[in-house]
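**Q** let's see this in three dimensions:
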Amino acid sequence: MKYWNGIGLIALFMGCSAGELTLSPNPVEFGDIDFNQELPDAGYNVQEVFLQNSGQEDLELVVFGVDDTRILLSGQFSSENPLSLMSIGPGQYHTLNLGVVGYDVEAGERDTLVEGSISVDAPNLKDPQILRWSFTPVRVFDEED
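**A** Purely as a prediction, here's the structure:
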């Protein structure tokens, strides 16, 4: 009887394997962002991030926690509420672009490091993957200004 229970337990663990996701680069460090320059359509200092399925199961990815007052996120989303990406199989990846769009002047964020994160999850991931980002808002004035 113990023999069958052990096999059943092994089968249960094998059937509950979790998906795997790799985010690269992580963290995304934008560096100093000169907010005295005109804001580009995609945001300042756009960075490309790869979300690779590094496991053996398909992943239905959902992105949440985007601070849209500071970061602009663009990619090929299949829905906006929740922010979802098309399913990716093992070894496949999605590309997201992140650009900086703002900072909180009243909170005194100028000339200080601003940090945040974006979460990427799927039903079969053990835990959401966290994509960390940072930048320092600065204002560079020409001597003519």
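
**Q** buried residues, stretch 93-107. List them.
**A** Under the neighbour-count criterion of 16 or more other CB atoms under 10 Å, stretch 93-107 has 94, 96, 98, 99, 100, 101, 102, 103 buried. Yep, even glycine has a C-beta here, placed from its N, CA and C like the rest.

**Q** from the residues you listed, which is closest to residue 43?
**A** Proximity of the buried residues of stretch 93-107 to residue 43 (CB to CB) peaks at residue 99, which lies at 2.0 Å.

**Q** tell me the spacing between the closest one and residue 123.
**A** Here the criterion is CB to CB, to the nearest Å. By it, residue 99 lies 29 Å from residue 123.

**Q** can you check residue 107 too?
**A** From residue 107 to residue 123 the distance is 36 Å (CB to CB).

**Q** list the contacts of residue 45.
**A** 30, 31, 33, 99, 100, 135 (CB atoms under 8 Å, 6 or more residues apart in numbering).

**Q** do that again at 10 Å, thanks
**A** Residues in contact with residue 45 (CB atoms under 10 Å, 6 or more residues apart in numbering) are 28, 29, 30, 31, 32, 33, 34, 98, 99, 100, 135.
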